[in-house]
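[1] structural data only, the sequence is not supplied:
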């Protein structure tokens, strides 16, 4: 069966600039663009139809801190914008949607307030994405600064029970390290999840993207490998386009 697999470029915002962290460590940030909207224009021109935007300041603070930058990205691109970072109450969700987000990612709240996430799903449907950020088999929260007692398997079950239709699964140990994705963990999540899974963390090459696609994941987010020139986005999209999960025709 042919399924569409999407390659999604990431834009992480810290102090208004486009950066990449190593393993979620704020002290290990590399600046790649002074204006994140310039990155959005570049990725859309290369064929991206969705862009993943993370408000790192917001994730750390517990409330959105870069909505003005989100609005600038919205003005610069027609691509679908998936936005996360500090979205922990109704006002934050409303502000992000008003600033231009098409989908919003809630991660910490899946751990701390699943009833609220369930209400969001009832209200916004597919615009709500569950963020499942894994560190040693457990779910991290608060901008990856804390690790909860919730296991990844429990988080997947919880997301399903409250009506999530999209989940973003990130292996923190691989994020920003250019060491390849954790395919075994991803396979476990995809096998358990009855919803679409977006993979994130460690993508280094087009072969990594094809391997992620073959797990049955719906999409993969690419960050540092794009900014470091290890992956050409247009070539990656072409390689993954119009192929099946069983046969590589590219």
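    Nice, I can see it. Here the structure is a predicted model, which is why all the values come from computation and not from measurement.
[2] only C-alpha atoms from now on, for both contacts and neighbour counts.
    Fine.
[3] count the neighbours of residue 29 for me.
    Residues near residue 29, counting by other CA atoms under 10 Å, number 16.
[4] ok, it to residue 21 distance?
    Using CA to CA, to the nearest Å, residue 29 is found at 4 Å from residue 21.
[5] same thing with residue 193?
    28 Å.
[6] again with residue 50
    Distance of residue 50 to residue 21, given as CA to CA: 21 Å.
[7] next one: residue 82
    Distance, residue 82 to residue 21, using CA to CA: 18 Å.
[8] what do you get for residue 211?
    To residue 21, residue 211 is 24 Å away according to CA to CA.
[9] the two: who's more crowded?
    Between residue 211 and residue 21, counted using other CA under 10 Å, residue 21 has the larger neighbour count: 20 against 15.
[10] what does that one show for phi and psi?
    Residue 21 adopts backbone torsions of phi -100, psi 160, taken as degrees, to the nearest 10.
[11] cool, and residue 231?
    Backbone torsions of residue 231, given as degrees, to the nearest 10, read phi -130, psi 130.
[12] quick one: distance of the host helix or strand of residue 20 to the chain centre.
    Per DSSP states H and E, residue 20 falls inside strand 17-22. Relative to its parent chain, strand 17-22 has a centroid offset of 14 Å by CA atoms, centre = their mean, to the nearest Å.
[13] who does that strand touch, helix- and strand-wise?
    Secondary-structure packing of strand 17-22 (3 or more CA pairs under 8 Å, 6 or more residues apart in numbering; DSSP states H and E): strand 6-14, strand 25-33, helix 36-45.
[14] that strand: partners in the sheet, and parallel or antiparallel?
    Neighbouring strands of strand 17-22 in its sheet, by DSSP bridges, are strand 6-14 (antiparallel), strand 25-33 (antiparallel).
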